[in-house]
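Q: generate a structure from the sequence data that follows.
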Amino acid sequence: MDSVTQFTLGAAVSVAVMRRRMPIWQSALWGGFCGTLPDLDALIDHGNALSNMLLHRAHSHALIWQTAATPAIAGALMLTHRIRRSHPPALSPARAAPHFGHWCLMVWLVLITHALLDGMTIYGTQLARPLSESAYGLGSIFIIDPLYTLPLLAGVLISSLSRSPHGLRSNTIGLILSSLYLAWSVAAQLYVTQQVETSLAASGARPPRSAILVTPTPFNTVLWRVVVMREDRYDEGFYSLLDGRRPVRFSSYPINPALRSEAMRLASVKALNTFSDGFTRIDEHAGAIRITDLRMGQEPAYVFSFVVAQRGSALTETPPRAVGGRGSVPIAQALDWLWRRAAGADIDPPR
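A: Predicted coordinates:
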């Protein structure tokens with residue numbers, strides 16, 4: 001998820017753990033800081049653009065490494081917090097300062113929820129390192145979704161500003177609402193997948209489920225993007241929960257099976273194809289071989305696309321060079337289509 005959401009989730013989890021053992025705004029800041037730590041791996045340069053993509057959400061998001069690092073992080077935060085409180089106020093036994101166990105629980109829960117939430121997006125989070133390099137991406141929620149973030153933010157702010165002894169309830173309610181929204185996103189994804197499979201079966205062209213990708217479009221869980229991989233093409237369509245039983249209308253884009261087979265011998269192509277569960281496009285332009293991750297973006301603009309080889313007498317692998325982007329469609333035009341299509345209008349996306 002985006003940095004604001006992860007900071008807010010960390011703050012809410014920290015407030016829930018620390019309660020009134022310190023001022024709520026302080027526990028929110030410490031939690032937000034911890035919620036930001038895993039994403040600092042984006043600052044590491046692994047040598048080329050493709051490696052930077054593949055190793056984001058890797059070691060720093062692995063549940064084993066997060067658990068192992070928790071005591072050290074918790075100890076450093078507790079020490080820093082105590083040093084900054086040069087004149088600590090007298091606390092009643094019911095509001096005793098947090099001990100090391102509280103700090104460990106807070107840090108661990110913030111790190112773990114960060115990784116698990118990232119696993120709900122489609123990017124791919126390597127939760128099981130060092131045991132496995134598999135990237136998990138359920139893809140039931142978009143990387144930025146205000147309906148998930150706003151309840152958390154409201155809960156933390158109200159709890160921080162409230163003078164009522166029941167002020168912490170707002171934070172709890174925010175966590176519950178955001179968690180229910182995640183559950184809703186999974187249920188909606190399952191429903192849309194079922195509708196897509198029914199539509200494809202009616203046309204007599206349903207591929208295996210592993211060849212069907214269903215992910216939400218930006219900022220919502222009402223309109224969903226569908227990609228179907230086939231031997232000679234991939235199909236892209238959109239389904240809104242307000243479409244009813246209207247079948248998904250697909251647009252098809254060709255795949256060159258011979259080029260795909262040839263390029264699969266390249267290490268960088270195999271790596272991204274595995275990371276993306278096969279949802280990739282490989283094409284050639286002016287002798288340059290490019291591989292594109294079809295999971296993030298939509299035709300014709302994709303976030304992650306890399307030139308990985310050059311055509312000579314044979315394919316010569318080159319250092320991966322990022323050529324992806326979000327396209328040149330004006331934001332206002334794209335948002336207008338998004339909301340109209342989510343409302344059930346059967347219209348094509350802007351190109």
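
Q: pLDDT below threshold where in the stretch 51-200 of the chain?
A: 85-96 (pLDDT under 70).

Q: show me the helices in it, by range?
A: Counting by DSSP state H, counting those that start in this stretch, the stretch 51-200 of the chain has helices at residues 63-84, 100-118, 146-161, 168-202.

Q: dump the ones you listed to JSON lines, plus distance to Pro330 and mean neighbour count.
A: C-beta coordinates here come from the backbone N, C-alpha and C atoms, glycine included. Listed next are the helices of the stretch 51-200 of the chain as JSON lines, based on distance: least, Cβ to Cβ, whole Å; neighbours: other Cβ atoms under 10 Å:
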{"stretch": "helix 63-84", "distance to Pro330": "41", "mean neighbour count": "15"}
{"stretch": "helix 100-118", "distance to Pro330": "30", "mean neighbour count": "21"}
{"stretch": "helix 146-161", "distance to Pro330": "21", "mean neighbour count": "20"}
{"stretch": "helix 168-202", "distance to Pro330": "28", "mean neighbour count": "17"}
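
Q: columns distance to Thr125 on top of those helices, output as a markdown table?
A: Shown next, in a markdown table, are the helices of the stretch 51-200 of the chain (distance: least, Cβ to Cβ, whole Å):
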| stretch | distance to Thr125 |
| --- | --- |
| helix 63-84 | 10 |
| helix 100-118 | 4 |
| helix 146-161 | 16 |
| helix 168-202 | 15 |
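
Q: out of those, which comes closest to Leu335?
A: With Cβ to Cβ as the criterion, Leu335 lies closest to helix 146-161 of the helices of the stretch 51-200 of the chain, at 13.1 Å.

Q: contacting residues around the closest one?
A: 1, 4-5, 8-9, 11-12, 15, 24-25, 28, 141, 167-175, 177-178, 181-182, 219-221 (Cβ atoms under 8 Å, 6 or more residues apart in numbering).

Q: relative orientation of it and helix 168-202 in degrees?
A: Between the axes of helix 146-161 and helix 168-202, defined by axes from the mean of the first three to the mean of the last three Cα atoms, to 10 degrees, the angle is 170 degrees.

Q: export helix 146-161 to PDB, keeping only CA atoms.
A: The C-alpha coordinates for helix 146-161 follow below in PDB (Å, rounded to 0.1, in the frame of the first residue of the first chain):
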ATOM      1  CA  PRO A 146      -9.300   6.000   0.500                       C
ATOM      2  CA  LEU A 147     -12.100   3.800   1.900                       C
ATOM      3  CA  TYR A 148      -9.500   1.700   3.600                       C
ATOM      4  CA  THR A 149      -7.300   4.500   4.800                       C
ATOM      5  CA  LEU A 150      -9.900   7.100   6.000                       C
ATOM      6  CA  PRO A 151     -11.400   5.100   8.800                       C
ATOM      7  CA  LEU A 152      -7.900   4.400  10.200                       C
ATOM      8  CA  LEU A 153      -7.000   8.100   9.900                       C
ATOM      9  CA  ALA A 154     -10.200   9.300  11.500                       C
ATOM     10  CA  GLY A 155      -9.900   6.800  14.400                       C
ATOM     11  CA  VAL A 156      -6.300   7.900  15.200                       C
ATOM     12  CA  LEU A 157      -7.100  11.600  15.000                       C
ATOM     13  CA  ILE A 158     -10.200  11.500  17.100                       C
ATOM     14  CA  SER A 159      -8.500   9.300  19.700                       C
ATOM     15  CA  SER A 160      -5.600  11.800  19.800                       C
ATOM     16  CA  LEU A 161      -7.800  14.800  20.200                       C
END
